[in-house]
Structures are given as C-alpha cells and as structure tokens.
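1. I'd like to go over a predicted model; first the sequence, then the structure.
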Amino acid sequence: SIRGYIDGVLDGVADTDEKKQYYLSKAIEKTKMINTMIEDLLLYSKLDLNQMIFEKEKVNIAKYMEDRIEDSSEEFLRENKRIIFENELLTASFVIIDSEKFKRVIQNIMDNAKRSIEKQTGQLKIMLRETNSSVIMEFKDNGKGISKEDLPHVFERFYRADTAREVKGSSGLGLAIAKQIVEGLGGRIWAVSENGQGASIIISLKKVKKEEVKK
C-alpha cells in the first residue's frame with residue numbers, strides 16, 4: 001500500500017499538488033500503522049519470552065488513574081465521547097506496578113473501548129473498588145459488547161472478532177499485551193460482557209500498605 005502511494009507520486013499518477021499531498025499523507029499514515037504493529041510484536045515477544053524487566057514501584061492507584069484519564073480525556077472529547085470516573089475506595093490504596101508499562105495496559109483498554117462506543121452517546125465508565133486484599137479496576141463501556149463465543153478468546157494474541165478489537169491498523173495484540181503485563185505484575189485480568197450490552201475489562205491488583213517497604 002505504501003509503495004503504491006509513493007509510486008503514484010513518482011509515476012505522475014498524482015498529477016496535482018493536491019493529489020500528491022493526499023498520496024504522501026496516506027503513505028505516512030500507513031507507515032505509522034506499521035510502526036505500531038512492529039512495536040506491539042516486539043513488546044509481546046519480550047513479554048511472552050519473559051525477557052521484559054519490570055521496574056516495580058508503589059503507587060497511589062486513584063491518583064495514578066486520574067492522571068491516565070486526564071491523558072485520554074481530550075481524545076474522547078474530540079470524538080464526542082466521554083469518560084466517567086467513579087472512585088469507591090474508602091481510603092488511599094496502594095499497589096505495586098511498573099508505572100510506565102501499566103500505562104500501556106490502561107491505554108490499550110481505553111483505546112478498545114473508545115473504538116467500540118458510538119459518538120454522542122458513547123461512554124467509558126472507569127470504577128475503582130476494593131476487597132480486603134485487592135484493588136479492583138473496571139473499565140465498562142456502553143458499546144455493542146462481545147458475543148458469548150468470542151468472550152473466552154479476547155485476550156489471545158491475534159484473535160479478531162466482531163468487537164472493538166477488529167479495528168483498522170490494529171495488531172490484534174492490545175489485550176494480549178495487557179494480559180501479559182498485568183500477570184507479570186502479579187495481577188489478574190478478565191472480561192465480562194453480553195452481546196449488545198457493552199463490555200467490561202476488569203483488573204485485580206494486590207493492595208499493599210502505605211508503609212510497606214518494597215522488597
């Protein structure tokens with residue numbers, strides 16, 4: 001595809017400045033897609049082979065999530081969609097994560113949700129709650145949901161179904177990467193959905209005490 005657009009410019013098929021601009025912009029768009037796919041493949045390979053080093057640190061999960069939501073809110077607003085944040089934690093709760101790599105988990109989940117919801121009415125609700133030992137993070141969208149047949153497979157690499165994962169330029173590794181990172185940090189991740197009623201991606205991370213020293 002990239003070669004076709006570039007050949008079109010060199011061979012004179014794009015015979016006006018406007019066409020040349022269009023062909024070159026499409027070529028750049030395709031190279032960005034390839035770059036994303038290559039980065040995802042390399043990252044997944046390292047995770048799959050246990051070659052990824054995690055730089056773990058203790059973070060206040062509510063503050064961390066507020067920052068991640070702030071990072072993405074503008075993108076949602078540009079598409080007339082919104083993020084709702086509900087923090088049900090009674091006190092400040094801390095978890096051990098690799099802050100940078102966990103950003104990728106959050107981004108992948110939020111990107112999937114954004115693509116699956118409609119303009120105007122689309123929303124992603126992010127909820128924080130807790131048990132005695134864990135912090136639970138739920139990302140619930142009001143999109144079309146995931147079918148019962150597809151649900152067990154959404155975290156498999158390259159799996160594509162008629163869901164938010166089937167997006168133009170996607171590597172098919174977004175949720176597979178999220179699963180590898182979450183499990184590498186000692187957490188759990190799973191999906192809950194009914195076709196036509198939205199989907200939830202849920203993450204459970206072990207709580208640590210504020211005064212607990214990193215070992």
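-> On my side now, so go ahead. Small disclaimer: the values here were computed from a predicted structure and weren't measured. Numbers count the residues shown, from 1 in each chain.
2. what average pLDDT does stretch 113-130 get?
-> Computed over stretch 113-130, the mean pLDDT rounds to 91.
3. then stretch 47-67?
-> Mean per-residue pLDDT for stretch 47-67: 89.
4. where do the strands of this protein begin and end?
-> Counting by DSSP state E, one finds strands in the chain at the ranges 57-60, 82-87, 94-97, 123-130, 134-141, 188-193, 199-208.
5. what's the first one packed up against?
-> When contacts are defined as 3 or more CB pairs under 8 Å, 6 or more residues apart in numbering; DSSP states H and E, strand 57-60 sits against strand 94-97. Yep, even glycine has a C-beta here, placed from its N, CA and C like the rest.
6. tell me how far the strand it packs on is from the chain's mean position?
-> Distance, stretch centre to chain centre, for strand 94-97: 19 Å (CA atoms, centre = their mean, to the nearest Å).
7. what of stretch 138-145?
-> With CA atoms, centre = their mean as the basis, the mean position of stretch 138-145 lies at 13 Å from the chain mean.
8. residues in contact with that stretch?
-> Applying CB atoms under 8 Å, 6 or more residues apart in numbering, the contact partners of stretch 138-145 are 109-110, 113, 116-118, 121-127, 129, 163-164, 193-203.
9. do stretch 184-193 as well
-> Outside stretch 184-193, the residues within contact range by CB under 8 Å, 6+ apart are 47, 52, 54, 56, 96-98, 102, 105, 145-146, 151, 154-155, 175, 178-179, 182-183, 199-206.
10. and if you look at stretch 202-212?
-> Here stretch 202-212 makes contact (CB under 8 Å, 6+ apart) with 58, 61, 92-97, 105, 130, 133-139, 182, 185-192.
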